[in-house]
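> Can you look at this prediction? I've put the sequence above it.
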Amino acid sequence: MSSNIISAVHNIRMAKEHFEDFQREHPASKGSKLFAMYSGKLDWVVRDLICNPYLPNEVSQGIKQEWESDVFAVTAIQDKVSLLPPDKRELIEDLIDAMLAGEEILIEQK
């Protein structure tokens with residue numbers, strides 16, 4: 001599945017999470033009502049993508065998996081990787097490339 005589609009769904013989900021966070025912090029506000037409406041529209045967009053007959057089942061399933069994932073994990077991973085020295089970052093990139101290629105990764109502890 002294209003990384004553009006994943007990124008789009010990821011960002012829609014992040015927006016929904018931020019709207020819902022605002023609603024929890026300010027439940028009686030006009031903004032809460034407004035963001036509840038927008039949150040519903042974001043749900044509709046993603047449901048429409050998942051059910052779209054023009055998208056292959058593989059893409060629809062990928063969208064569904066991304067929507068149900070912890071979207072803030074990506075940011076947490078980026079923050080942690082940025083703290084590593086350059087050679088360790090390259091190792092992490094190689095590891096990710098191998099995982100994406102379907103290679104089996106074994107981690108041995110010393």
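Arrived safely, thanks for sending.
> Let me see the contact set for Ala36.
Going by Cβ atoms under 8 Å, 6 or more residues apart in numbering, Ala36 touches Phe19, Gln23. Using the backbone N, CA and C atoms, a C-beta is placed for each residue, glycine as well.
> Okay, domains of the chain per the record?
1-69, 72-110 (automatic domain parsing).
> can you give me the helices in this structure?
3-25, 30-51, 57-68, 72-82, 86-100 (DSSP state H).
> can you redo those as JSON lines with distance to Lys110 and mean pLDDT?
Listed next are the helices of the chain as JSON lines, based on distance: least, Cβ to Cβ, whole Å; pLDDT from 0 to 100:
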{"stretch": "helix 3-25", "distance to Lys110": "35", "mean pLDDT": "94"}
{"stretch": "helix 30-51", "distance to Lys110": "44", "mean pLDDT": "96"}
{"stretch": "helix 57-68", "distance to Lys110": "34", "mean pLDDT": "92"}
{"stretch": "helix 72-82", "distance to Lys110": "21", "mean pLDDT": "92"}
{"stretch": "helix 86-100", "distance to Lys110": "16", "mean pLDDT": "93"}
